[in-house]
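**Student:** Build me a structure from this.
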Amino acid sequence: MTLGAFSISLNVKNLQASKQFYETLGFTVFAGNETKNYLIMKNGTALIGLFQGMFENNILTFNPGWDQDANTLKNFDDVRAIQKQLKSKNITLTSEVDETSSGPGNIIVIDPDGNPILIDQHV
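**Tutor:** Numbering: from 1, shown residues only. From the prediction side, this is the model:
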């Protein structure tokens, strides 16, 4: 099972303060929209999403179908196939994708320590 590009999505209190902090660590804005309260920042292959007021917890995020530069991969494990594999291993999903759909979709699982893992396919 290949989950795709990895990033961490952080719940931030102040988007501007967080942006400035991560810029001092060498991150630059890669994507996002400040007027919509989120930015994706990049340092080498490390990706951090900064999200103000969108969710409660920090989230581990994987993007099937994308590399670390958000380029679409020719071959990848579709989120529906990943969902099927997880269910076959008795992993409980807190959010599922319609298995009869195609294209973009996402699922959420919670690890044993309560950390949400978002598998979010954009292609």
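**Student:** is it fair to say V109 lies in a strand?
**Tutor:** Yes: under DSSP: H, G, I helix; E, B strand; the rest coil, V109 sits within a strand.
**Student:** and the gap between it and Y38?
**Tutor:** As for V109, its distance to Y38 is 22 Å (criterion: C-beta to C-beta, to the nearest Å). For the C-beta atoms, the positions are set from N, CA and C on the backbone; glycine is no exception.
**Student:** swap in V79?
**Tutor:** Remark: distance between V79 and Y38 (C-beta to C-beta) = 21 Å.
**Student:** out of these two, which sits in the busier spot?
**Tutor:** V79 (28 against 18; other C-beta atoms under 10 Å).
**Student:** Could you verify my assumption that that one touches I107?
**Tutor:** Yes: at 6.1 Å, V79 and I107 qualify as touching, with contact defined as C-beta atoms under 8 Å.
**Student:** any shared contact partners between these two?
**Tutor:** 97, 119 (C-beta atoms under 8 Å, 6 or more residues apart in numbering).
**Student:** three-state assignment of the spatially most central residue of the chain?
**Tutor:** Centroid-nearest residue in the chain: T61, 2.8 Å away (criterion: C-alpha atoms, centre = their mean). Secondary structure for T61, judged by three-state DSSP, is strand.
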